[in-house]
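Visitor: Make a model of this:
(one chain, ligands or ions: 2)
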Amino acid sequence: MDVEIKQFKKLLRKNEHYVTKARLRLFIALQKTPALSIKDLVKRLPKHDRSTIYRNITAFEKLGIIARLQMGWNSKVELSDMFQHHHHHFTCHRCGQVMNLPENSALENEIAKLASSQNCKQTDHQLEIRGWCKNCLAD
Ligand SMILES: [Zn+2]
Ligand SMILES: [Zn+2]
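Guide: Ligands and ions are numbered 1, 2, ... in the order given. Predicted structure coming up:
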């Protein structure tokens, strides 16, 4: 079995949540996609009741399984760093595509340094670059 799925089930049980089919399918749907809007996520789970999906998203967010990215007036969700490698995002203004950017340890160090220069200790961060993607630039 997938290591992440094992870890996911363990986390649910530890927090007294049952491992239901709906929760498992939601997790697997998130594993297969970069950040997406909740509306698009619901579309990928046509067999499940919309309110169940919303409830599970809220529960996943509380448990730290899902991270929410604020993008302008709407938000997108993806699996948190607990379940995938830490990364930053590029969002295209024109087509709305969200890309995961390659890891950059020099940048990570600088961000940690920036926090400690203010006598703070970071627990996590999000970074989003906005602009036009390659496809939109070529149009
Ligand atoms: Zn684009
Ligand atoms: Zn980072």
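Visitor: Give the buried residues for stretch 129-139.
Guide: Neighbour-count burial for stretch 129-139 flags residue 133 (criterion: 16 or more other Cβ atoms under 10 Å). C-beta here means a position set from N, CA and C on the backbone, and glycine is covered the same way.
Visitor: First-to-last residue distance for it?
Guide: 20 Å (Cα to Cα, to the nearest Å).
Visitor: How about stretch 7-22?
Guide: With Cα to Cα, one end of stretch 7-22 sits 17 Å from the other.
Visitor: same deal with stretch 58-71?
Guide: Stretch 58-71 end-to-end distance (Cα to Cα) = 18 Å.
Visitor: who's in contact with it?
Guide: Around stretch 58-71, the neighbours that count as contacts under Cβ atoms under 8 Å, 6 or more residues apart in numbering are 8, 11-12, 15, 17, 23, 26-27, 30, 35, 57, 75-83, 89, 91, 98, 126, 128.
Visitor: Counting neighbours, which bits of it end up buried?
Guide: Quick answer for stretch 58-71 (16+ other Cβ under 10 Å): 59, 60, 63, 65, 66, 67, 69, 71.
Visitor: for that stretch, the distance to its chain's centre please.
Guide: 7 Å (Cα atoms, centre = their mean, to the nearest Å).
Visitor: pLDDT on that stretch, on average?
Guide: Mean per-residue pLDDT for stretch 58-71: 92.
Visitor: For this structure, just list every one of the helices.
Guide: Using DSSP state H, the helices of the chain run over 3-14, 21-31, 38-43, 50-62, 105-117, 134-138.
Visitor: End to end on stretch 57-71, go ahead and measure it.
Guide: This stretch, stretch 57-71, spans 18 Å end to end (Cα to Cα).
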